[in-house]
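Student: sequence below, structure please.
(4 chains)
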2 protein chains.
Amino acid sequence: MPHTVIEVSRSTLKRLPLYLHVLEDLHRQKQEYISCTALALKFDFGSIQVRKDLEVTGAEGTAKIGFRISDLIRNIKTFLGWHNVQDAFLVGAGNLGKALLGYRDFDLYGLNIVAVFDKDPAKIGTRIFDKEVMPVEKMPGLAARMHVNIGIVAVSAIAAQEVVNVMVASGIRAVWNFAPAPLEIPQGIILENARLTQSLAVLSNKLKCLLEEETKESVPCPM
Amino acid sequence: MPHTVIEVSRSTLKRLPLYLHVLEDLHRQKQEYISCTALALKFDFGSIQVRKDLEVTGAEGTAKIGFRISDLIRNIKTFLGWHNVQDAFLVGAGNLGKALLGYRDFDLYGLNIVAVFDKDPAKIGTRIFDKEVMPVEKMPGLAARMHVNIGIVAVSAIAAQEVVNVMVASGIRAVWNFAPAPLEIPQGIILENARLTQSLAVLSNKLKCLLEEETKESVPCPM
DNA sequence: TCTTAATCGATATAATTCTATCGATAAAAC
DNA sequence: GTTTTATCGATAGAATTATATCGATTAAGA
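Tutor: Numbers count the residues shown, from 1 in each chain, chains lettered A, B, ... in the order given. This next block holds a predicted model:
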């Protein structure tokens, strides 16, 4: 039997958590079923898009009534690998690191920060949200012992590459990078950049167009 | 003379800040010129992609030597509207709000946080990075007086919609949302979501595939 | 019970986005 | 000075992604 390779676009992958948020809200409100049409109303794209996205998770709906919400939640979570919580190391106990540590919801998204590291001796030994900040040198040993796969980079752009190198040497398989720097990683290691500036770029450009449109009349604007 | 409407894809818009980072690095290192080929080496996409992206900013290169780096920086910044710094209001003085306030680099990206607001009486009056936390009620008056266009939402999902409503009523034109909630905004107002969970979804799925591939041999994996 | 309306699931079409090709041009090598 | 090589700029083509259409199915109303 040949393998059916499921092609999942990055765009679809990014929309799935959006659905998940809404679905969990509805689930809390004891709603049982929802149709793609109804779900699409929450977003600025159509119901066909929603249906196609849900399809990749293996969800199955019923005509006229739609999908069972609890099924959808389970399917999406399983598909994203959020059902089995993954342990993660966080490097950088600055403001961003604290913010990430404080973001309790990560548990719901399959992420559990088990340890925090920093280079700064002043920070080492202090506690943030009940987690002790440890020196980066301790990472390799702990990673091996705890079988941690995910590393979160929340340091400055200058320090980022060095941190990633340590992570990779420690056996980390996936790096979630918050530093505004292009990182180099060996083949086989997953790198995902959570760049704020990308999002800001879209906002800025739209705003620029909006403001230009107002001052000089009839200036064309993309989107 | 008909207007030449420049179609800029969201993808291109998101790559521009990536180029900017690298270019500013090179500029600091006193490099004068760079080719698309050389620039593309820093990323996991090709030189043609880079050239097409730079094209939209109006940059012009020279055969054999490439583009003048200082020109590129200026072009990208102008295109994104990052040359004229925009003032912004930040709502939410929690961990994320603090992290954003501490992110000094925003100035380089055309963003200047001028005031911080919160609902919590315990936080009002305290100072974060030299900025006094003010009650949300003061926003409307200040927005009008200071001609602020951008509002940053760094509150919980539950409080987000309410905050946005106040922002819109205050005359804010663009909302940068960090709350994991789908927000409703009136036509003509710009909304950009900086969702961490989207980025995490991509990472999780890749990691899930990687781990599955290792345990069960020959399991197909998207991407 | 029969008709109507809403929705799914599959397929087909359109739009967008990315990649390849080719001549023109400018610097470097010979 | 001529050839070679690297690059741009433009155009064409491929791949991907989004949207529309249509029959099948199921619940609700006449």
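
Student: how does chain A divide up, domain by domain?
Tutor: By the assignment in automatic domain parsing, chain A contains the domains A:10-80, A:86-198.

Student: what about the longest one and DNA strand C, touching?
Tutor: No - shown here: domain A:86-198 not in contact with DNA strand C (C-beta under 7 Å from any atom of the strand), separated by at least 12.5 Å. Quick note: C-beta positions are derived from backbone N, CA and C, even for glycine.

Student: how about that domain against chain B, any contact?
Tutor: Yes - judged by C-beta under 8 Å from any C-beta of the partner chain, domain A:86-198 comes into contact with chain B through A:86, A:94-96, A:98-99, A:101-103, A:105-106, A:109-111, A:149-150, A:157, A:173-174, A:176, A:180-182, A:190, A:192-198.

Student: redo the domains of chain A as JSON lines? Include mean pLDDT.
Tutor: Formatted as JSON lines, the domains of chain A follow (pLDDT from 0 to 100):
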{"stretch": "domain A:10-80", "mean pLDDT": "97"}
{"stretch": "domain A:86-198", "mean pLDDT": "94"}
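
Student: distance to DNA strand D and mean neighbour count added to the ones you listed, as JSON lines?
Tutor: Shown next, in JSON lines, are those (distance: least, C-beta to the nearest atom of the strand, whole Å; neighbours: other C-beta atoms under 10 Å in any protein chain shown):
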{"stretch": "domain A:10-80", "distance to DNA strand D": "3", "mean neighbour count": "17"}
{"stretch": "domain A:86-198", "distance to DNA strand D": "16", "mean neighbour count": "18"}
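
Student: okay, the ones you listed in CSV with distance to B:Lys131 next?
Tutor: Output for these, formatted as CSV (distance: least, C-beta to C-beta, whole Å):
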stretch, distance to B:Lys131
domain A:10-80, 30
domain A:86-198, 13
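
Student: can you give me the strands in chain A?
Tutor: For chain A, the strands defined by DSSP state E cover A:33-34, A:67-68, A:86-91, A:111-118, A:127-128, A:131-135, A:150-153, A:174-177, A:190-193.

Student: and the ones you listed as CSV, adding distance to B:Ile69?
Tutor: CSV is the format used below for the strands of chain A (distance: least, C-beta to C-beta, whole Å):
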stretch, distance to B:Ile69
strand A:33-34, 51
strand A:67-68, 52
strand A:86-91, 31
strand A:111-118, 34
strand A:127-128, 40
strand A:131-135, 38
strand A:150-153, 27
strand A:174-177, 24
strand A:190-193, 22
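
Student: wait, A:Asp120 touches A:Val91, no?
Tutor: No - A:Asp120 lies out of contact with A:Val91 (C-beta atoms under 8 Å); the separation is 11.4 Å.

Student: need the residues touching each of those two.
Tutor: Counting by C-beta atoms under 8 Å, 6 or more residues apart in numbering or on different chains, A:Asp120 and A:Val91 have no shared contacts at all.

Student: how about the residue nearest the centre of chain A, what does it touch?
Tutor: The centre of chain A sits closest to A:Ala194, judged by C-alpha atoms, centre = their mean, with a distance of 7.5 Å. By C-beta under 8 Å, 6+ apart, the contact list for A:Ala194 reads A:Trp176, A:Asn177, A:Phe178, B:Leu196, B:Ser199, B:Leu200.

Student: again with A:Val166
Tutor: With contacts defined as C-beta under 8 Å, 6+ apart, the neighbours of A:Val166 are A:Val136, A:Met139, A:Pro140.

Student: name the nearest of those residues relative to DNA strand C.
Tutor: A:Met139 (34.4 Å; C-beta to the nearest atom of the strand).

Student: how close does that closest one get to B:Lys138?
Tutor: 45 Å (C-beta to C-beta, to the nearest Å).

Student: next one: A:Ile190
Tutor: On the measure of C-beta to C-beta, A:Ile190 and B:Lys138 end up 45 Å apart.

Student: next: A:Ala144.
Tutor: Distance from A:Ala144 to B:Lys138, by C-beta to C-beta: 53 Å.

Student: also A:Tyr109?
Tutor: Per C-beta to C-beta, A:Tyr109 is found 35 Å from B:Lys138.

Student: kindly report the same for A:Ser70.
Tutor: 43 Å.

Student: what residues are up against A:Asn75?
Tutor: A:Leu54, A:Thr57, A:Gly58, A:Ala59.

Student: okay, the contacts of A:Ala194 in JSON lines with distance to A:Val22 next?
Tutor: Written out in JSON lines, the entries for the contacts of A:Ala194 read as follows (distance: C-beta to C-beta, whole Å):
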{"residue": "A:Trp176", "distance to A:Val22": "24"}
{"residue": "A:Asn177", "distance to A:Val22": "28"}
{"residue": "A:Phe178", "distance to A:Val22": "26"}
{"residue": "B:Leu196", "distance to A:Val22": "17"}
{"residue": "B:Ser199", "distance to A:Val22": "19"}
{"residue": "B:Leu200", "distance to A:Val22": "17"}
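
Student: stretch A:199-219 vs chain B: in contact?
Tutor: Yes - Stretch A:199-219 is in contact with chain B by C-beta under 8 Å from any C-beta, via A:199-208, A:210-211, A:218-219.

Student: so among these, which ones count as buried?
Tutor: Among the residues of stretch A:199-219 next to chain B, those buried by neighbour count (16 or more other C-beta atoms under 10 Å in any protein chain shown) are A:Ser199, A:Leu200, A:Ala201, A:Val202, A:Leu203, A:Ser204, A:Asn205, A:Lys206, A:Leu207, A:Lys208, A:Leu210, A:Leu211.

Student: out of those residues, which sit inside helices?
Tutor: A:Ser199, A:Leu200, A:Ala201, A:Val202, A:Leu203, A:Ser204, A:Asn205, A:Lys206, A:Leu207, A:Lys208, A:Leu210, A:Leu211 (DSSP state H).
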